[in-house]
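K.L.:
Next comes the sequence, and after it the predicted model I'd like to discuss.
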Amino acid sequence: MNKNLILVLVALLSVFMYTVSEARWYDPESGRFLSEDPIGFEGGDVNLYRYVGNNPVNWIDPFGLIALSPDEIATLVAANNKSGLSNELIMCIIWTESGFDPDVSHGSQTETGLMGMTKNAAKDAGYTLADMKDNSKNVAAGSAYLKIRINRAKGDQEKGIRGFGTGATYPINKILECEKCLQKNPCNDKQSCLNNIHK
């Protein structure tokens, strides 16, 4: 479609209070999208007009591209956790590293996937950097590497987790609070436990 025509259409529709959010038209009065999700069923929802599972208070996904839900991550971690630590702790680390987005960009660093694995970390855990694009292998390698870091720290869990992350600035206390919250409320809204990490 002609770009000028699109601009005219956007201007006309904005008169009727509709707004465009990237590739979708949104009606703020009804709180619904007027056009289908551009990624179709790849978003994991059969309702192509819904936004963040009808839970916009707790979720943000302006591009409609969030890849994995807390429940999907919980299943992935349960099947691949090699750390000997709680699945909830691994979930909180994944949220810290990637926000559950396996395609997250880590800037100029080589960190890849859900657990932000580097080439050397993957190698230490017995994997390749190419393996880190596979979510299951990323979680398996990341959790195995976490165990390696804790062993290097002579069993000091906090020191090992800091070594896994960015060192002194890694939000270890918030990660551990997140773990306790998820363990205390396993069936409640997991997202509220996770959101506290980045506050």
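P.N.:
Received, thanks. Predicted model, so just to flag it, every value in this text is computed and none were measured.
K.L.:
so what's Trp95 closest to, chain neighbours aside?
P.N.:
Leu194 (4.5 Å; CB to CB, 6 or more residues apart in numbering). Just so you know, the C-beta spots here come from the backbone N, C-alpha and C atoms, and that holds for glycine as well.
K.L.:
how near is that neighbour to Cys92?
P.N.:
7 Å (CB to CB, to the nearest Å).
K.L.:
The two: who's more crowded?
P.N.:
Between Leu194 and Cys92, counted using other CB atoms under 10 Å, the more crowded position is Cys92 (27 against 22).
K.L.:
before we move on, back to that, what kind of secondary structure is the residue nearest to Trp95 in?
P.N.:
helix (DSSP: H, G, I helix; E, B strand; the rest coil).
K.L.:
so it touches Ile94, yeah?
P.N.:
No: in terms of CB atoms under 8 Å, Leu194 does not count as a neighbour of Ile94; the distance is 9.2 Å.
K.L.:
sorry, back to before: dump the residue contacts of the residue nearest to Trp95.
P.N.:
70, 91-92, 95, 178, 182 (CB atoms under 8 Å, 6 or more residues apart in numbering).
K.L.:
so of those, which ones are in helices?
P.N.:
70, 91-92, 95, 178, 182 (DSSP state H).
K.L.:
per-residue confidence at the nearest residue to Gly113 once chain neighbours are set aside?
P.N.:
In space, and not counting its chain neighbours, Gly113 is closest to Asn138: 3.7 Å by CB to CB, 6+ apart. As predicted, Asn138 sits at a pLDDT of 97.
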